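Participant: Quick one, structure for this:
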Amino acid sequence: MKAVITVIGRDTVGVVAKVSAVCAELNINIEDVSQSIMQDMFCMIMLVNLNGCTVDSAAMRERFAALGKEMQMQVTVTRQEVFDAMHTV
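Facilitator: Below is the predicted model of the structure:
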């Protein structure tokens with residue numbers, strides 16, 4: 001199962017490293033990354049593979065929410081199922 005992780009907020013040092021560290025901690029494989037800085041806002045989209053994830057969905061979301069709070073950024077995880085459901089309606 002794949003998911004998209006989005007990160008939005010004020011640009012600061014170490015954002016990619018911190019998000020990648022949580023992915024490694026949870027055994028989530030990063031397959032693709034796109035990032036840009038729009039004025040002083042950092043925007044990143046990661047396509048990840050959750051097949052090896054060591055925790056359930058709720059715990060994973062909690063971990064990324066805690067990271068977002070720590071970095072004072074918005075970090076969201078959207079599973080592929082959501083995108084699939086949007087296109088079948």
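
Participant: any idea where the strands of this structure begin and end?
Facilitator: Applying DSSP state E to the chain gives strands spanning 2-10, 29-38, 41-49, 74-79.

Participant: Given the longest one, what are its sheet partners and their directions?
Facilitator: Strand pairing for strand 29-38, using DSSP bridges, gives strand 41-49 (antiparallel).

Participant: Okay, angle between the partner strand and strand 74-79 too, please.
Facilitator: Going by axes from the mean of the first three to the mean of the last three CA atoms, to 10 degrees, strand 41-49 is angled at 30 degrees with respect to strand 74-79.

Participant: residues of strand 41-49 that come out buried?
Facilitator: Neighbour-count burial for strand 41-49, counted by 16 or more other CB atoms under 10 Å, picks out 42, 44, 46, 48-49. Glycine gets a C-beta too; all of them are placed from N, C-alpha and C.
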